[in-house]
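**Q** need a 3D model of the sequence below.
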Amino acid sequence: MIASGVAMFVMYLSNFESLRRTQQAYYDQQRFADIFVNAKRVPNRLAERLAEIRAWEPSTRACRQRDPGPAGVEVPARGRLISIPPPAVQG
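**A** Sure thing, here's the model as predicted:
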């Protein structure tokens, strides 16, 4: 019983380490951000300051500022689909 418990624990640790390395490799390959910051009404000079700070850290690749808009509509959208008849068969 103890041997099976130790074996399960060793398998857990090796699996966990493998998943951690896979995640890190994926993030590196896809250039996934390490830090995300959501802020409202941040002045442009702050982005310039962050770019200056980024220059001090050589492992930091980029510092981007963007303004994401809303992903959906405020009210439910409605639509109407009308099909066209198929062409008449000649023959």
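**Q** find the nearest non-adjacent residue to the spatially most central residue of the chain, please.
**A** Central residue of the chain (CA atoms, centre = their mean): residue 32, 6.7 Å from the mean position. Spatial nearest neighbour of residue 32, excluding adjacent residues (CB to CB, 6 or more residues apart in numbering): residue 26 at 7.3 Å. Placement of C-beta: from N, CA and C, glycine included.
**Q** mind listing the helices for the protein?
**A** 2-29, 44-56 (DSSP state H).
**Q** for the record, mean pLDDT for the last one?
**A** Taken as a whole, helix 44-56 has an average pLDDT of 76.
**Q** which parts of that helix are buried?
**A** Going by neighbour count (16 or more other CB atoms under 10 Å), the buried part of helix 44-56 is residue 50.
**Q** what do you get for the longest one?
**A** Neighbour-count burial for helix 2-29 flags no residue at all (criterion: 16+ other CB under 10 Å).
**Q** sorry, back to before: can you put the helices of the chain in TSV and add distance to residue 66?
**A** Shown next, in TSV, are the helices of the chain (distance: least, CB to CB, whole Å):
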stretch	distance to residue 66
helix 2-29	19
helix 44-56	10
